Each structure stands twice: as structure tokens, then as C-alpha cells.
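Asks: Sequence and predicted structure are below.
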Amino acid sequence: MKRPNDHTNPFLLTLKGVIMGAANKVPGVSGGIVAFVMGFYEEFIYSLQKFNIKAGKLFFSGRFKSFYTYVNGRFLALLFLGMIISYFSVSKLLDYFIERYELYVWSVFFGMIVGSIYYIYKDFKSWNTKTIVMAFLGIIAGISISFLNPATQNDNLWFVFLCGMISVTGMALPGFSGSFILILLGNYVLLLVDSVNVLFDTFVFIVSGDFSFMSDPQHLRLLTVLLVFTLGSMVGLVSLSHLLSYILKHYKFKTLALIMGFITGSLGVVWPWKEALYKQDALGDFIRDTNGEQIIENYQRYLPEMNTQTIYALLFIIFGAAIVLGLEWYGNKRKQHI
């Protein structure tokens, strides 16, 4: 792959990282789509693929400057700095809005996924018997997940590591939302809201000279979960970028068809109008997690009545789809000026 021109403006590159991080945080939107439409997707993938045997030799032989140059370290460092800034800010906002406006938040997510599906489908020109079968299999898999009991929150560190590996695929593959997969796995709130908020709070405590969090086992547990999740993301970002590159090179259209079908069939998972059904023990008492929160066992989905709240929710669905389609419009406009 020919190396594209470097992005030289550190502020703009960090800002692109902020936008990409926000996209990775929101279910239904792929950070890879943002990278693609803002013109740095090729360089991003190029830089990730530089983490290979040669890079390892440079690093472990102490040639850190050569390693930094070889892996395009300045580009990646500024981009990931933006993502880190984004994760803190977007996490706090999501925490606030999910608690107070859950229906509208899920409506935006639902609209974003619908917009993402349209974005991928409209440019797919390789329909044949094999790709149709793959799309059909993806739809069946997605619908099956929608009707299964959703995965409950799981802070087992091996599972958290796996979630980290899976969640970063959205950065390497435009149109594939890693945060959406975390919803299916049941760990979206744990990994992208609670853990990130705890890290933010930790920085605030340290700056203010308050180290009482060191004696809070739940606080420390969430920090451990975030560390393992981050390690899994780093491993996944490097290894899966190579794997995805191979798969897309040899089975590109079949893979894309399968992903399109899967996301389409999984729309029921993020259906905005649903009520939580909580786990109960044999005596009928609600089962709670380590935070004292009731554990969700399943959701009861329903069709809404037409009222003011429903109209607002429908408008938020349209708004969510418009965000994704707006990114597409921006990308097309940018191409016309190149």
C-alpha cells in the first residue's frame, strides 16, 4: 500500500481523533466511517499494519526513535489523544442522558443504525447468489440474537479482554459498529460508561489530593476492568487489522454482505420502545449486582401509542439517521474538492 501524505496539523488531527472516538462510543456508528469520510482512513490502516515483526525488533532493541518513525507514531499519538479526550467527555454525556432520557437516547441509536445500514447497502454493487446467501444468514443471526435473552453484564476479565478485541473492529472496518456489538454482549454500559467515568473520577480525586478511592474495592475493580479492556483493544486493533485486511482481500463482498445482514437483523436489540424485565429469585425478590442495581433478564418490546413522547422519539430516530447520512454527504463533498 502506498503511504498517503501525513497529516501535519496537530490540532486538526487531534480533533479528528475526538470525532472518531465519539463515533466509536455511539452504537450504530463506526469510527472507520468517520476516518473514511474525513480522509485519513488509508493512513490509519497503513499505520496499524506497521505493527509487525520489524516494529517489534526496533522496539526491543532499544531503537525507540526508529520505531516511532516506522509506525507513524506522531499520527497515531495525536489521533489516540483525541479519542481519549472524546471518551471522557462523551461518556459523561451518555451517562447523563441515558439516566434522564433513555427513550430518546435509544431512538437516536436506532436511527444511527438505520442510517448506517443504508450507507452500506446503497453502494454495494456485488449482489449474486453467494452474497445474497451470506446476507440472509446474517439477518437470521441478527434476528436470533434479538429474540434471545440479552447478555447480562459480565466483568470476568477474560471476557472483558475479548470485548476489547471485538469493540475496536469498528475502527478498522467502516460501517461495523464495535459499540453496537458491546450492546449485544451486554457490556456496553460497564465498559464504555461506568469504567470510563471511574477513570475520570480517579483523575479528579488525584488532582484534589483525595486518595480515598484506593480503599474502595468497587472503584479499583472498575479500573482493573478498564485496563484489561484497553489491553484487549490494543491487541485487537493490531491483530484484527491484519486479519480483516486478509479477509476483505480474499472474501470482501461475502464479508460485507454478512455484516450488512447481521446489523439489519439485529435492529430489534436497540428497539427504543421496551421495558426491562428484572431477574428474581425463587422468593420473588429482585436480584442485584455488586452496585446494588437490579439485574436485567430480558426486555419486553412493544409498539408505542401515538402521543407527544412518541413523536419526539420518531424525530430523534430521524435525527440519528441524519447524523450518519450527514457524514456521508460531507465525505462526498470533500471528494469533489480534491
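Replies: It's in.
Asks: In the chain, which residue sits furthest out from the middle?
Replies: Leu283 (38.5 Å; C-alpha atoms, centre = their mean).
Asks: number of nearby residues for Gly186?
Replies: Neighbourhood size, Gly186 [other C-beta atoms under 10 Å]: 17. Every residue, glycine included, has its C-beta placed from N, CA and C.
Asks: That one contacts Asn156, correct?
Replies: No - with contacts counted by C-beta atoms under 8 Å, Gly186 stays clear of Asn156, the gap being 11.5 Å.
Asks: re earlier: hang on, the residue farthest from the centre of the chain is in a helix, isn't it?
Replies: No - under the criterion used here (DSSP: H, G, I helix; E, B strand; the rest coil), Leu283 is coil, not part of a helix.
Asks: gap between Met306 and Tyr312?
Replies: Met306 is 12 Å from Tyr312, where distance means C-beta to C-beta, to the nearest Å.
Asks: With Leu303 instead?
Replies: Going from Leu303 to Tyr312 by C-beta to C-beta gives 16 Å.
Asks: Then Leu191?
Replies: The spacing between Leu191 and Tyr312, counted by C-beta to C-beta, is 29 Å.
Asks: the more surrounded of the two?
Replies: Just comparing Leu191 and Tyr312: by other C-beta under 10 Å the higher neighbour count belongs to Leu191, 26 against 14.
Asks: Pull the contacting residues for the residue nearest to the more buried one when sequence neighbours are not counted.
Replies: Excluding the flanking residues, the one nearest Leu191 by C-beta to C-beta, 6 or more residues apart in numbering is Phe229, at 5.2 Å. When contacts are counted by C-beta atoms under 8 Å, 6 or more residues apart in numbering, Phe229 is found next to Val160, Phe161, Cys163, Gly164, Ser167, Leu191, Ser195.
Asks: I'd like to know which of those residues are part of strands.
Replies: If you go by DSSP state E, these have nothing in strands.
Asks: farthest-separated two in the residues you listed?
Replies: Using C-beta to C-beta, the pair of those lying farthest apart is Phe161 and Ser195, separated by 13.3 Å.
Asks: Those two: which has the busier surroundings?
Replies: In this view Phe161 and Ser195 are compared by other C-beta under 10 Å, and Ser195 has more residues nearby, 26 against 19.
Asks: Would you mind stating the distance between that one and Trp158?
Replies: 16 Å.
Asks: Likewise for Gly261?
Replies: According to C-beta to C-beta, Gly261 and Trp158 sit 29 Å apart.
Asks: So between the two, which is more surrounded?
Replies: Taking other C-beta under 10 Å, Gly261 and Trp158 do not tie; Gly261 has more neighbours (24 against 10).
Asks: and the closest residue to that one other than its chain neighbours, how many neighbours?
Replies: Among residues not flanking Gly261 along the chain, Gly138 sits closest, at 2.5 Å (C-beta to C-beta, 6+ apart). Using other C-beta under 10 Å, Gly138 is surrounded by 22 other residues.
Asks: Could you confirm Gly138 falls within a strand?
Replies: No - looking at Gly138 with three-state DSSP, it is helix, so not inside a strand.
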